[in-house]
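Got a predicted structure plus its sequence, pasted below:
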Amino acid sequence: MDVFKDLYQQLIIDHNQNPHNFRELEDASHSAEGHNPLCGDEITVSLIAKDGIIKDITFIGSGCAISKASASIMTSILKNMKVEDANALFENFHTLATTGESPGDMGKLSVLAGVHKYPARVKCATLAWHTFYGALTNTKEKIITE
Ligand code: ZN
């Protein structure tokens, strides 16, 4: 039951069932596709960045509960955030997901800290973030988690 306690907290279940910002984005200034071959998660992240601020950010795709909840929480948090702050948060989230250590106040993202104990699940949790970063840096190739 530990896996469930670590990974399937209520907030994750809620975001999986009712994902936020789960839609196509017209007029996106940036978008990228991501794929996690270990689990089969597929995601496309689209955003509108203007004047150094993420005005809107959405995702579509299919994947496991962790990948979907992570993308849902990520888009909720990044919307209206400064691009530079979003980049810093990407770094911090990567640390959180891979070590379980919180490099600062991670807010709702901290529900995903438990994934660090399950290396295969780390990719599910970080896929949306890598794809977001790929979109921001105009990466044309599909983002593949290793
Ligand atoms: Zn997954």
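The structure has been received and is ready for your questions. Being a predicted model, the structure only gives us computed values, none of them experimental.

Close to the ion: what parts of this protein are there?
39, 41, 64, 67, 124 (CB under 5 Å from the ion). C-beta here means a position set from N, CA and C on the backbone, and glycine is covered the same way.

and the fourth one, what does it touch?
By CB atoms under 8 Å, 6 or more residues apart in numbering, the contact list for residue 67 reads 36, 39, 41, 43, 124, 125, 127, 128.

Flag the helix or strand of this structure with the lowest per-element mean pLDDT.
When the helices and strands of the chain are scored by mean pLDDT, DSSP states H and E, helix 2-7 comes last with a mean of 71.

Going along the chain, name the helices of this structure.
2-7, 10-17, 65-78, 83-99, 119-136 (DSSP state H).

Can you tell me, leaving aside adjacent residues, what's nearest to the residue nearest to the spatial centre of the chain?
By CA atoms, centre = their mean, the chain has its centre lying nearest to residue 128, at 3.2 Å. Using CB to CB, 6 or more residues apart in numbering and skipping residues adjacent in sequence, the residue nearest residue 128 is residue 71, 3.7 Å away.
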